[in-house]
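Asker: Here is the input, now give the coordinates:
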Amino acid sequence: MAWPSTVRKTDLKIDTYRGSGPGGQHRNRTNSAVRITHIPTGLSACAEEHKSQGQNKKAAFRRLADKLVPLMKQALQPEIEANRSTERIRTYHEPRQTVKDDRVEGRVWNYEDIMEGKLEDLIEAVHTAIAEKEDNEK
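Answerer: You can find the predicted model right below:
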């Protein structure tokens, strides 16, 4: 299942009901308790400790988020790991005032030029190295 980065309103079912337990007339007359269900996962969260339905809704949303966020992170973990590169691409060596790009072996650039934004030579060399690597793989 591909998890979205946000939860849509259409994925939620919000129920209101009368709270249980002590509380007198107010609790027996108003539907201030809230249950929110995330339909795709079936997870739900309830809140009925406040007099206000709005406050209970906020509390239920927080509880549901506390349940959903770890599940979403766990489901997205393989994708995150796949996108994380373990290779070092570029090294900035300040004491020697040099920059080395590992994609272009043996080539060193002037640190100050790179820091000032003069990247044309570096970009051209990287593009050439990538093109050569692709040609060799064919």
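Asker: shaky segments in the protein?
Answerer: 1-5, 23-27, 79-88 (pLDDT under 70).
Asker: Please, where are all the helices along it?
Answerer: 24-29, 53-83, 111-115, 120-137 (DSSP state H).
Asker: Looking at the ones you listed, spot the one closest to V99.
Answerer: Nearest of these to V99, taken as CB to CB: helix 111-115 at 4.8 Å. Heads up, the C-betas are built off the backbone N, CA and C, glycines and all.
Asker: helices and strands around that closest one, which ones?
Answerer: With contacts taken as 3 or more CB pairs under 8 Å, 6 or more residues apart in numbering; DSSP states H and E, helix 111-115 sits against strand 90-93, strand 98-101.
Asker: re earlier: mean neighbour count and distance to T37 added to the helices of the chain, as CSV?
Answerer: Supplementary listing: the helices of the chain in CSV, determined by neighbours: other CB atoms under 10 Å; distance: least, CB to CB, whole Å:
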stretch, mean neighbour count, distance to T37
helix 24-29, 10, 22
helix 53-83, 13, 8
helix 111-115, 14, 54
helix 120-137, 11, 49
